[in-house]
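[1] Give me the fold of what follows.
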Amino acid sequence: MTHTTVIAGVGPGLGESLARRFAAEGCEVALLARNADYLDELAIDLDGSTAGEALAIPTDISDRDAVHEAFGAVREAFGDVDVLVNHASAAAWDGLLDADPEAFRRALGVNVEGAFHCSQEAVADMVDGDGGTVIFTGATTSVRGRENAVGFSAAKFGARGLAESMARELGPEGVHVAHVVIDGMIRPPGSDDDEQYLDPDAIAEEYWKLVQQDRSTWTLELDLRPHVEEF
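    Below you'll find the model as predicted:
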């Protein structure tokens, strides 16, 4: 079955792995991020190397009007949205006294408000049709605070709360909402370290499995971590 998939927050690393995994399954994949040049190159590559189609839509997801326009473009190209991955993130890596208020607001604006804007757009399609799936990318800081990261921690906690609330509200409507806790570091592009890092392609495979789950066994929260002692 072909799914119209929106990945909100695509960049080198896990975002790109998600796009490639879903396109490999024949999905029509809309790529949302601010870097237009990168998105265009990735969309061309996906169109030429996978079973799916890709659409690059440069978007600041913290901007509600921009998100509305982006989803309009998705529907015009591919139809209603079946899958949304809320993957965008903005980090403010400072402690409380050093934190810049604007950077703090930006973290909340992307991680929480951006996910809220995208979810409202996508879920409106899902509840009027055959349901769908919304996946949130979380982190260690989604479940326990991290020192010197008040903005990132607050934002990831907020996104997790949004995901859990949506899951309980929308499950009866046929919409599967899942939150993925990535409890460890993701292998950077170009690295061959298989011990210290999580493999982004392996993570993307787990996201795809969430989309394929039977309704009787939906996962609310998935915890992924590398097999090393410190984690």
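
[2] Quick one: low-confidence residue ranges for this protein.
    By pLDDT under 70, the low-scoring segments of the chain are 1, 190-195, 227-231.

[3] give the contact list for Arg34.
    58-60 (CB atoms under 8 Å, 6 or more residues apart in numbering). Every residue, glycine included, has its C-beta placed from N, CA and C.

[4] one more time with 7 Å, if that's ok
    Residues near Arg34 by CB atoms under 7 Å, 6 or more residues apart in numbering: 58, 60.

[5] Likewise for Ala167?
    The neighbours of Ala167, taking CB under 7 Å, 6+ apart as the test, are 177, 220.

[6] Name the helix or strand for it, please.
    helix 150-170 (DSSP states H and E).

[7] Spatially central residue for the chain, please.
    The structure's the chain has its C-alpha centroid closest to His87; by CA atoms, centre = their mean the separation is 2.3 Å.

[8] Could you check how far that one is from Glu147?
    25 Å (CB to CB, to the nearest Å).

[9] How about Thr137?
    Distance from Thr137 to Glu147, by CB to CB: 22 Å.

[10] Neighbour count for the two, which is higher?
    Thr137 (27 against 8; other CB atoms under 10 Å).

[11] can you map out the helices along this protein?
    14-24, 36-49, 64-78, 101-108, 115-126, 150-170, 200-212 (DSSP state H).

[12] Which of the residues in the longest one are classified as buried?
    Applying a neighbour-count criterion of 16 or more other CB atoms under 10 Å, one finds 150-160, 162-163, 166-167, 170 buried in helix 150-170.

[13] Next, the angle helix 115-126 makes with that helix.
    20 degrees (axes from the mean of the first three to the mean of the last three CA atoms, to 10 degrees).

[14] In contact with Gly26, which residues?
    Contacts for Gly26 (CB under 7 Å, 6+ apart) come out as 2, 51-52.
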